[in-house]
Structures are given as structure tokens and as C-alpha cells.
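Peer 1: what shape does this take:
(3 chains)
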Amino acid sequence: MRIYATVDSIPEGRVSTYGRIAEEAGIARGARQVGAALRDLPGDRKIPWHRVINAAGKISHGSPAQAALQRRLLEREGVTMSEAGKVDLASYVWP
DNA sequence: CTCGTGACTTTGT
DNA sequence: TACAAAGCCACGA
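Peer 2: Residues are numbered from 1 along each chain as shown, chains lettered A, B, ... in the order given. As a prediction, the model looks like this:
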């Protein structure tokens, strides 16, 4: 629950990393757990899972389809990325 | 209690 | 930029 609440607090047009979220949620080094939580997400939840990326600013998971979807959702909110699909954390990560 | 697993992270080639 | 190795942590078998 802590994880869901934290992810839900990320405003539109901003992103956050697994590590940051884990810390915010109380799990100091549980970045993986955050990923697991999002992975098992039903989908009908009102959670902006697409604003969650890894420390490198990239999408590190699953099917190309899923990655493409996440990228599309982010760009729709104004988050730009390099060709390699890398987000400029310095300007989009949530403080 | 021990093992395997994984939408991670760091560090070093 | 890409890959490997070694940490880390909650969970379930």
C-alpha cells in the first residue's frame, strides 16, 4: 500500500525512480519490491505506474509493447526522451 | 532456516 | 553505450 500511495503522489509531467519510491515508502533498499508491486498491478487502479523508471532513466522491463506504451504515456505528459529511450532525470525526476 | 527469484542499483571493465 | 558481478530485500516453496 505504501508503494501505491507514493507512486500516486507523483504529479503529471514528472517521473521518479524505483529507489526513490522505495525509500519514500519506507523500504530503504527495496527498489525491486517496488517493481514487483507495479508488476502485479491489476491495471484498473488509478496509479501512474508509467512515471516510474530506473536510476538510469530508462524503462527496464518486460515486453517491447509494454515499454512502448509507457514511453508513449510519458511523452503525452510532456516528458521527452533521447532516441535510446532515456529520460532526462535532472529535469523530470520528482524532488 | 535455506534457496531461488526479480518493472533495481553501483561499480568496474 | 553495453555487459558482468555483487549487493539488497521481501516473499513463497
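
Peer 1: residues of the helix or strand where residue A:68 lies that come out buried?
Peer 2: Assigned by DSSP states H and E, residue A:68 belongs to helix A:64-76. Within helix A:64-76, the residues scored as buried using 16 or more other Cβ atoms under 10 Å are A:70, A:71, A:74. For glycine as for every other residue, the C-beta is placed from the backbone atoms N, C-alpha and C.

Peer 1: quick check: the last one touching residue A:14?
Peer 2: No: the pair residue A:74 and residue A:14 fails to qualify as a contact (Cβ atoms under 8 Å) at a distance of 10.0 Å.

Peer 1: other SSEs contacting the helix or strand where residue A:23 lies?
Peer 2: Assessed by DSSP H and E, residue A:23 sits inside helix A:18-25. Applying 3 or more Cβ pairs under 8 Å, 6 or more residues apart in numbering; DSSP states H and E, one finds that helix A:18-25 makes contact with helix A:2-8, helix A:31-39, strand A:52-53.
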